[in-house]
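> Next comes the sequence, and after it the predicted model I'd like to discuss.
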Amino acid sequence: MTTTTSNEPTLADVIEKLDKLSAEVEKTNDKTDRFNDKFDNYQKATQWVVQLAFTLIASATITVIITSVLRK
């Protein structure tokens, strides 16, 4: 007869831990996907803000140049 010590995990214990780890990995993947979506939106918004800033600077520069040329 073979006896096992109580410290050794049983197959059911291993399966239970694998199920828990699998659930945690799925949750982490979902969180990562949401973070990637937020980061993508942030990146696009930042790009639009930079483009708007350059457009405003360019239009202000052109306005100053045109008004200074037309006054002379």
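Nice, I can see it.
> From now on I want contacts and neighbour counts done on CA atoms only, so please keep to that.
Will do.
> For residue 29, see how far away the residue nearest the centre of the chain is.
Most central in the chain under C-alpha atoms, centre = their mean is residue 36, positioned 2.8 Å from the mean C-alpha point. Relative to residue 29, residue 36 is positioned 10 Å away (criterion: C-alpha to C-alpha, to the nearest Å).
> likewise residue 16?
In this view, residue 16 and residue 29 are 20 Å apart by C-alpha to C-alpha.
> Check residue 53 too.
Counting by C-alpha to C-alpha - residue 53 and residue 29 are separated by 36 Å.
> Next: residue 49.
Using C-alpha to C-alpha, residue 49 is found at 30 Å from residue 29.
> what's the answer for residue 35, then?
Distance, residue 35 to residue 29, using C-alpha to C-alpha: 10 Å.
> for residue 69, same thing?
Per C-alpha to C-alpha, residue 69 is found 60 Å from residue 29.
> Of those two, give the one with the bigger neighbour count.
Neighbour totals were compared for residue 69 and residue 29, and residue 29 leads with 12 against 9 (other C-alpha atoms under 10 Å).
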